[in-house]
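>>> Task: produce atomic coordinates for the following.
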Amino acid sequence: MRFSAGVLIVAVVLGGCQGTSQEPNSALQARLDSFQTAAQTLERRLQAARDSLRSEQAGTALTPHVYFPSGSAWIPDEGRRRLDVHARTLRQEHAGADFRIRGYTDPVPIGDSLRDTYPSNWYLAAQRAAAVAHYLDTNHDVRSKSLRIEAFGPSPTNAGMPPQRQPKERRVEIIVEDGRAEDGGT
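Alright, predicted model coming up:
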């Protein structure tokens with residue numbers, strides 16, 4: 001969008017210079033300012049549309065997320081307390097809404113001692129999401145008609161991640177759907 005707004009401004013300035021050589025500089029500057037304001041308005045509208053589309057696709061994430069220790073799908077006590085709060089939120093504010101649970105991992109490879117339990121980081125991420133779904137179901141009777149769990153292994157861009165950032169990657173997010181049909185359904 002910035003490129004096209006820039007092209008528009010240049011075209012207007014060049015067109016204005018060619019077609020109105022008698023027009024005073026202040027009038028040209030006013031026209032240029034007007035086009036720049038219009039381009040900025042269009043840029044803001046485009047960004048708002050992008051943000052709206054992202055929120056429609058992603059739904060609403062309940063925060064704070066649930067964090068896990070390295071190499072584990074066992075929900076720590078702090079995570080259970082957060083899930084207890086999220087269960088109340090799902091029941092009170094999102095009763096009947098569909099939601100999905102996304103599990104994530106850090107870029108640290110699965111060690112030899114855990115490979116039999118978690119063959120890959122992707123598998124570990126799925127286990128984390130399943131553990132949260134199971135906890136909400138068995139401890140709070142919170143279900144969704146179309147509950148989905150999603151697993152995200154480490155992103156290639158996170159390979160060089162500093163160790164202090166890695167705990168933020170070992171998380172599970174609960175995303176409440178906005179009620180719209182997905183995948184072309186009704």
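>>> contacts and neighbour counts: CA atoms only from here.
OK.
>>> Give the buried residues for the longest strand seen in the chain.
Identified as the longest strand of the chain according to DSSP state E is strand 60-67. Buried residues in strand 60-67, counted by 16 or more other C-alpha atoms under 10 Å: Ala61, Leu62, His65, Val66, Tyr67.
>>> Same question for stretch 106-119.
Those would be Asp106, Pro107, Val108, Ile110, Tyr118, for stretch 106-119 by 16+ other C-alpha under 10 Å.
>>> The helix or strand just after the longest strand of the chain versus strand 60-67: what angle between them?
Counting by DSSP states H and E, the next helix or strand C-terminal to strand 60-67 is helix 77-93. With axes from the mean of the first three to the mean of the last three C-alpha atoms, to 10 degrees applied, the angle from helix 77-93 to strand 60-67 works out at 160 degrees.
>>> by contact count, what packs against helix 77-93?
Applying 3 or more C-alpha pairs under 8 Å, 6 or more residues apart in numbering; DSSP states H and E, one finds that helix 77-93 makes contact with strand 60-67, helix 121-140.
>>> Thr89 and Pro119: what is the separation?
Shown here: Thr89 relative to Pro119, a distance of 34 Å by C-alpha to C-alpha, to the nearest Å.
>>> likewise Ala125?
From Ala125 to Pro119 the distance is 11 Å (C-alpha to C-alpha).
>>> Equivalent analysis for Glu169, please.
18 Å.
>>> so who does the closest residue to Phe152 other than its chain neighbours touch?
Nearest residue to Phe152 in three dimensions, chain neighbours excluded: Tyr104, at 4.9 Å (C-alpha to C-alpha, 6 or more residues apart in numbering). Contact partners of Tyr104, counting by C-alpha atoms under 8 Å, 6 or more residues apart in numbering, are Trp122, Ala125, Ala126, Arg128, Ala151, Phe152, Gly153, Pro154, Glu169, Arg170, Arg171, Val172.
>>> Please name the residues that touch Arg143.
By C-alpha under 8 Å, 6+ apart, the contact set of Arg143 is Leu136, Asp137.
>>> tell me the SS of it?
coil (DSSP: H, G, I helix; E, B strand; the rest coil).
>>> Could you chop the protein up by domain?
2-56, 60-176 (automatic domain parsing).
>>> Asp77: neighbour count?
Using other C-alpha atoms under 10 Å, Asp77 has 9 neighbouring residues.
>>> gap between it and Val66?
Relative to Val66, and taking C-alpha to C-alpha, Asp77 is found at 10 Å.
>>> what's the answer for Thr60, then?
To Val66, Thr60 is 15 Å away according to C-alpha to C-alpha.
>>> What of Glu169?
For Glu169, the distance to Val66 equals 10 Å [C-alpha to C-alpha].
>>> got it, and Ala39?
41 Å.
>>> Identify the residue spatially nearest to Trp122, adjacent ones excluded.
Gly153 is the one closest to Trp122 (C-alpha to C-alpha, 6+ apart), at 4.3 Å.
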